[in-house]
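Enquirer: Prediction below, plus the sequence it came from.
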Amino acid sequence: MLFNSLQFLVYFIIVTLAYYYLGWSGRWRLLLLASVYFYMVFKPAYILILGLTIGIDYLAGLWLEKTQGTARRRVLLLSLITNIGILVFFKYIGFFTDNAATLFDLAGLHDVAQTVTSFSSQVFVAVLNLFGQSGITSFKDNLSILPIGLSFHTFQAMSYTIEVYRGHQKAERHFGIYALYVMFYPQLVAGPIERPQNVLWQFHRYFRYDFENVKAGLMQMAFGFFKKTVIADRLAMTVNQAYTQPDQQNGLTMLVATFFFTFQIYCDFSGYSDIAIGAARVMGFDLMENFRAPYLAQSVSEFWRRWHISLSTWFRDYVYIPLGGSRKGESRQYVNLLIVFLISGLWHGPNWTYVIWGGLNGFYQVLAVLREKALARFGFPATSFQRIHLPIPDRPTHLPAWRAILNTVLTFGLIMLTWVFFRAASVSDALLILHRIATLSLLEPIRSPLNAAEMWFSLVLIGLLLLKEYHYLSIPTRHTGRFYLLFTTLIFVIYFFGVFNANQFIYFQF
């Protein structure tokens with residue numbers, strides 16, 4: 001069920017009203033059934049896959065508390081293999097098979113390559129037929145039948161068993177509550193990827209109706225809808241046209257499309273997070289912050305502390321630190337950074353464009369570490385600069401204003417470069433786009449389905465978004481009169497200026 005649909009609006013109202021009508025035991029049952037329905041709207045049969053992993057991880061959590069030593073590690077391993085195995089099978093079998101076949105072909109083993117491809121396709125089709133996916137003849141179209149939000153709820157389930165194994169979380173005895181932890185509808189298909197310590201205990205609580213929470217949640221939802229329908233889906237019209245046929249576009253058009261995509265993906269994904277966090281808050285639940293003004297970052301490292309925070313911290317805690325982090329020497333730290341970001345790229349999709357996107361971000365991180373160490377050697381630690389007088393939260397460095405602005409612009413440019421690989425259909429398309437941008441002429445006409453007024457309107461919207469990110473524009477909810485005025489204004493703006501073409505959220509495919 002898409003958040004940006006009339007169906008969801010009706011669903012949200014009914015579920016929320018029923019939630020506040022019921023007692024605690026009725027509430028968790030309602031939310032679990034509502035979440036099951038929410039998921040089954042996409043592909044009903046795949047609820048069986050989710051149910052299988054929930055059952056295995058629930059039992060694994062109980063066993064982890066009862067076992068010690070090698071047996072305990074085996075239980076954790078069984079849980080992780082199940083989750084990762086399902087994710088790899090549905091999302092990556094085609095990618096891995098194609099690349100393996102290519103390597104065999106290069107080695108002259110053409111019969112082996114053909115056998116690998118044929119066998120993998122037969123197994124994949126047979127499994128899909130069990131779930132009622134008839135008409136599938138090859139794994140090459142696996143993304144079209146990928147269980148919705150598979151990467152997100154897989155990582156959330158894995159965090160539970162890992163935290164129980166580490167002793168940071170007690171195993172959940174209540175099966176319904178554990179299932180709700182994995183399936184909670186606001187963040188089921190695109191996060192935030194929650195930790196059990198933050199969410200599980202909340203499902204055991206009875207939240208009384210709090211008008212302040214309701215106002216804050218509704219306002220955050222409204223702003224999320226604004227970012228999705230008014231900004232992201234409007235920018236998508238130019239982006240989709242340019243990136244679908246990059247060979248027919250000039251350099252200036254591709255530069256504008258890439259600039260627009262940089263804000264499209266942010267407004268699309270952070271808009272989803274706003275709706276999810278807001279919907280949960282209306283019912284009293286507190287989900288973690290997932291974005292914190294990422295395009296105001298002054299370094300790529302800072303960008304990744306502000307972008308998709310739930311995923312970044314997941315990779316930090318469960319991959320980077322276990323690999324050794326920065327504790328095993330400089331060379332090992334650089335390797336660990338590259339490994340984490342390459343895996344992060346692959347997590348986004350079975351395509352070399354995502355791997356290169358992740359690799360570029362990892363390379364940036366390595367350069368950032370080298371830069372900081374070089375500055376420190378010359379006596380210029382980051383904290384020695386004068387504090388910047390801008391109201392940006394969580395600012396890690398203290399710089400003069402001119403240098404802060406320069407760093408922000410440079411960081412934005414580096415990140416925008418990586419989005420070319422993220423959005424392009426293939427590596428060859430990405431390289432063509434970069435070549436067109438590098439050789440552009442400012443005299444070239446911009447080819448876009450948006451007219452000049454729409455283009456300027458889009459830029460104004462981006463400017464307003466940045467002003468809000470700088471906290472020069474605020475969204476008050478405490479003052480009830482202002483809340484009603486601004487909330488009503490946002491609804492009217494969404495209705496009259498929103499693009500309602502049932503565009504799926506970008507991160508649903510992951």
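Expert: Great, that's in hand.
Enquirer: residues making contact with stretch 288-308?
Expert: 191-192, 194-195, 198, 262-263, 266, 269-270, 273, 277, 309-310, 312, 361, 364-365, 368-369, 392-397, 399, 404, 407-408, 411-412, 414-415, 466, 469-470 (Cβ atoms under 8 Å, 6 or more residues apart in numbering). Any C-beta I mention is one placed from the backbone N, CA and C, and that applies to glycine too.
Enquirer: Filter the residues you listed down to the buried ones, PyMOL style.
Expert: Buried subset of those, written as a PyMOL selection, criterion 16 or more other Cβ atoms under 10 Å:
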select buried, resi 191+192+194+195+262+263+266+269+270+273+277+309+310+312+361+364+365+368+369+392+395+397+399+404+407+408+411+412+414+415+469
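Enquirer: So which of the contacts of stretch 288-308 are in helices?
Expert: 198, 262-263, 266, 269-270, 273, 277, 309-310, 312, 361, 364-365, 368-369, 404, 407-408, 411-412, 414-415, 466, 469 (DSSP state H).
Enquirer: Would you mark the buried spots in stretch 329-348?
Expert: In stretch 329-348, counting by 16+ other Cβ under 10 Å, buried: 333-342, 344-348.
Enquirer: what's the answer for stretch 281-292, then?
Expert: 281-285, 287-288, 290-292.
Enquirer: Who are the contact partners of the closest residue to Ala276 other than its chain neighbours?
Expert: Spatially, and ignoring its direct neighbours in sequence, Ala276 is nearest to Pro186 (4.0 Å; Cβ to Cβ, 6 or more residues apart in numbering). Residues near Pro186 by Cβ under 8 Å, 6+ apart: 275-277, 279-280, 285, 287.
Enquirer: if we can go back for a sec, narrow the buried residues of stretch 281-292 to those in helices?
Expert: Those of those lying in helices (DSSP H): 281-282.
Enquirer: Specify which member of the buried residues of stretch 281-292 is nearest to Gln241.
Expert: Phe291 (26.8 Å; Cβ to Cβ).
Enquirer: start to end distance for stretch 419-428?
Expert: Terminal residues of stretch 419-428 lie 15 Å apart, using Cα to Cα, to the nearest Å.
Enquirer: Give the buried residues for that stretch.
Expert: 419-424.
Enquirer: Could I get these in JSON lines, plus columns for pLDDT, secondary structure and distance to Ser121?
Expert: As requested, these are exported to JSON lines (pLDDT from 0 to 100; DSSP: H, G, I helix; E, B strand; the rest coil; distance: Cβ to Cβ, whole Å):
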{"residue": "Trp419", "pLDDT": "96", "secondary structure": "helix", "distance to Ser121": "33"}
{"residue": "Val420", "pLDDT": "96", "secondary structure": "helix", "distance to Ser121": "32"}
{"residue": "Phe421", "pLDDT": "96", "secondary structure": "helix", "distance to Ser121": "28"}
{"residue": "Phe422", "pLDDT": "95", "secondary structure": "helix", "distance to Ser121": "28"}
{"residue": "Arg423", "pLDDT": "94", "secondary structure": "helix", "distance to Ser121": "28"}
{"residue": "Ala424", "pLDDT": "94", "secondary structure": "coil", "distance to Ser121": "26"}
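Enquirer: from those, which is closest to Met254?
Expert: Distances from Met254 to the buried residues of stretch 419-428, taken by Cβ to Cβ, are shortest for Val420, at 8.4 Å.
Enquirer: In this structure, where is pLDDT below threshold?
Expert: Within the chain, the stretches with pLDDT under 70 are 125, 128-145, 379-400, 471-478, 502-504, 506-510.
Enquirer: cutoff 50 now
Expert: Confidence mapping of the chain against pLDDT under 50 gives the ranges 383-397, 472.
Enquirer: hmm, back to that, among the buried residues of stretch 419-428, which one lies nearest to Val88?
Expert: Phe422 (21.2 Å).
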